[in-house]
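Q: Structure for the following, please:
(one chain, ligands or ions: 1)
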Amino acid sequence: MDIFIVKTQEEGGALAFDLLKKAVDEGAKTLGLATGSTPLAFYKQIRESDLDFSEMTSINLDEYVGLDAQSKQSYHYFMVEELFNHKPFKAHHVPNGMATDLEEATKDYDRLIEEHPIDFQILGIGRNGHIGFNEPGTAFTIKTHVVDLDASTIEANARFFEDESQVPRQAISMGIASIMSAKKIVLMAYGSEKADAIYKMVHGTVTEDVPASVLQNHDNVVLIIDEAAAEKLG
Ligand code: GLP
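A: Okay, here's the model as predicted:
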């Protein structure tokens with residue numbers, strides 16, 4: 001795992017963007033994308049760049065169950081606003097949180113990932129060590145699945161909703177096995193509330209109790225963190 005400690009999110013976003021450019025130069029065709037506040041500076045870099053995505057495919061990590069693409073809190077809406085409206089891809093994909101048959105939707109998503117192996121995966125991390133919406137206790141072998149969100153995740157994500165009761169209780173998430181199949185993974189984290197999860201991910205036991213710890217088993221991971229998120233690394 002290569003670790004870069006940056007001063008600001010802007011610096012982190014610029015570094016992630018440089019890594020993306022290199023991957024694209026080397027032939028990357030499919031990007032795995034993440035939502036949340038962490039990748040915002042990265043998406044800004046992309047928007048302001050002249051990088052062309054018209055021949056590329058994107059596959060997002062996750063989506064809330066019960067929110068459609070028009071709903072402002074949906075991850076689909078977030079991606080359209082932050083990226084796709086500005087940088088059209090050949091095709092962009094976000095799990096369908098409105099599917100009437102959620103199990104079928106998860107299988108469709110797995111087929112999509114098989115057809116478009118992910119070259120470059122962006123990740124954030126939850127305070128409890130989740131990646132995507134793979135909460136502690138999720139099997140490392142799992143592919144796309146329907147998740148019951150942890151109480152701590154609902155609480156952490158309530159800031160994007162009117163109040164905590166509005167936060168959906170379930171999500172569809174790409175599984176840990178799918179994330180691990182990406183050729184290169186760039187995980188960003190900022191702020192002291194992520195420090196514990198970062199410490200366990202880097203130095204802790206590889207355990208399903210800390211989903212991000214699985215990344216110790218991947219041979220091409222770059223970690224971009226600020227000093228606050230790095231404070232427990234020593
Ligand atoms: C959310 C998302 C994750 C994201 C994480 C951190 O619950 N499902 O993909 O990485 O939590 O979010 P943030 O970047 O806002 O701290």
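Q: ok, is the lowest-mean-pLDDT helix or strand in the chain in contact with the ligand or not?
A: Here the helix or strand of the chain ranked lowest by mean pLDDT, DSSP states H and E is helix 151-157, holding a mean of 92. Yes - contact of helix 151-157 with the ligand (C-beta under 6 Å from any ligand atom) involves 153, 157. Heads up, the C-betas are built off the backbone N, CA and C, glycines and all.
Q: could you point out which element follows that helix?
A: Following helix 151-157 in sequence order, the next helix or strand is strand 170-173 (DSSP states H and E).
Q: and that following strand, anywhere near the ligand?
A: No - using C-beta under 6 Å from any ligand atom, strand 170-173 stays clear of the ligand, coming no nearer than 7.0 Å.
Q: what do you get for stretch 189-196?
A: No - counting by C-beta under 6 Å from any ligand atom, no contacts exist between stretch 189-196 and the ligand, the nearest distance being 7.1 Å.
Q: Check stretch 81-96 too.
A: No - Stretch 81-96 lies out of reach of the ligand by C-beta under 6 Å from any ligand atom, never closer than 11.2 Å.
Q: hmm, who's touching the longest helix along the chain?
A: Secondary structure of the chain per DSSP state H: the longest helix is helix 9-25. Here helix 9-25 makes contact (C-beta atoms under 8 Å, 6 or more residues apart in numbering) with 4, 6, 28, 31, 38-46, 49, 51, 56, 119-120, 122, 184, 186, 188, 190, 222, 224-226.
Q: Now, these that are in strands?
A: Members of the contacts of helix 9-25 lying in strands (criterion: DSSP state E): 4, 6, 31, 120, 122, 184, 186, 188, 222, 224-226.
Q: What residues does this structure have near the ligand?
A: So the chain meets the ligand at 34-38, 61-62, 124-126, 132-133, 153, 157 (C-beta under 6 Å from any ligand atom).
Q: between those residues, which has the most around it?
A: Taking other C-beta atoms under 10 Å as the neighbour criterion, G132 ranks highest of those with 30 neighbours.
Q: re earlier: nearest to I113, of the ones in strands among the contacts of helix 9-25?
A: Distance to I113, by C-beta to C-beta, is smallest for L31 among the ones in strands among the contacts of helix 9-25, at 12.2 Å.
Q: what are the bridge partners for the closest one, then?
A: In this entry, L31 is beta-bridged to S58, F120, by DSSP bridges.
Q: pLDDT score assigned to it?
A: Here the pLDDT value assigned to L31 is 98.
Q: how many other residues sit next to it?
A: Residues lying near L31 (other C-beta under 10 Å) number 25.
Q: can you pull the contacts of it?
A: By C-beta under 8 Å, 6+ apart, the neighbours of L31 are 20, 56-59, 118-122.
Q: Report how many residues lie close to M180.
A: M180: 17 surrounding residues under other C-beta under 10 Å.
Q: no no, E115
A: Residues lying near E115 (other C-beta under 10 Å) number 9.
Q: Pull out the buried residues from the longest helix of the chain.
A: Neighbour-count burial for helix 9-25 flags 9, 12-17, 19-20, 23-24 (criterion: 16 or more other C-beta atoms under 10 Å).
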